[in-house]
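Trainee: sequence and predicted structure, then a few things I'm wondering about:
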Amino acid sequence: MGLNTFKKSERLCSKKLIKELFDKGSSFYIYPFKVFYNPNKRLDELHQVLFSVPKRNFKKAVDRNLIKRRMREAYRLNKQTINNSKPKLIAYIYTPKEILDYHQIEKKLKISLERLLEKDISI
């Protein structure tokens with residue numbers, strides 16, 4: 001039952017780790033996300049995830065928060081795909097200029113998680 005949670009320890013909050021992720025990490029693009037990832041140096045930790053929606057594309061905070069809620073929920077329900085892989089720092093950046101519905105976001109987030117799992121196997 002506790003598997004589908006998204007705790008504070010799973011959120012990427014450290015400015016130092018975020019800077020390292022964007023400076024040294026790898027990335028790929030799956031519409032509607034630009035995904036950055038990097039191995040998490042602390043092996044005792046879980047995957048840490050950051051969700052971002054640019055203010056340039058969505059001026060209203062209500063719209064940005066709606067998209068981030070949808071992204072977090074899709075991740076929360078599908079994160080078991082990558083739970084057995086090496087811990088990573090992951091950042092999802094939402095790129096389109098329109099608000100997509102939850103089902104589209106979830107479908108693409110599942111694909112990105114599978115791709116992250118493939119990258120983990122190939123390393």
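Mentor: Cool, got the structure.
Trainee: what segments of this protein are strands?
Mentor: Along the chain, counting by DSSP state E, strands occupy 26-30, 33-39, 48-52, 88-94.
Trainee: point out the most buried one among those strands.
Mentor: Highest mean neighbour count of the strands of the chain: strand 88-94, a mean of 22 (counted as mean count of other Cβ atoms under 10 Å). Quick note: C-beta positions are derived from backbone N, CA and C, even for glycine.
Trainee: that strand - what's its average pLDDT?
Mentor: Strand 88-94 shows an average pLDDT of 96 in the prediction.
Trainee: quick one: strands adjacent to that strand?
Mentor: strand 33-39 (antiparallel), strand 48-52 (parallel) (DSSP bridges).
Trainee: who touches the residue positioned nearest the centre of the chain in this structure?
Mentor: Nearest to the mean C-alpha position of the chain, by Cα atoms, centre = their mean, lies residue 92 at 4.0 Å. Counting by Cβ atoms under 8 Å, 6 or more residues apart in numbering, residue 92 touches 33-35, 49-52, 71, 75, 109, 112.
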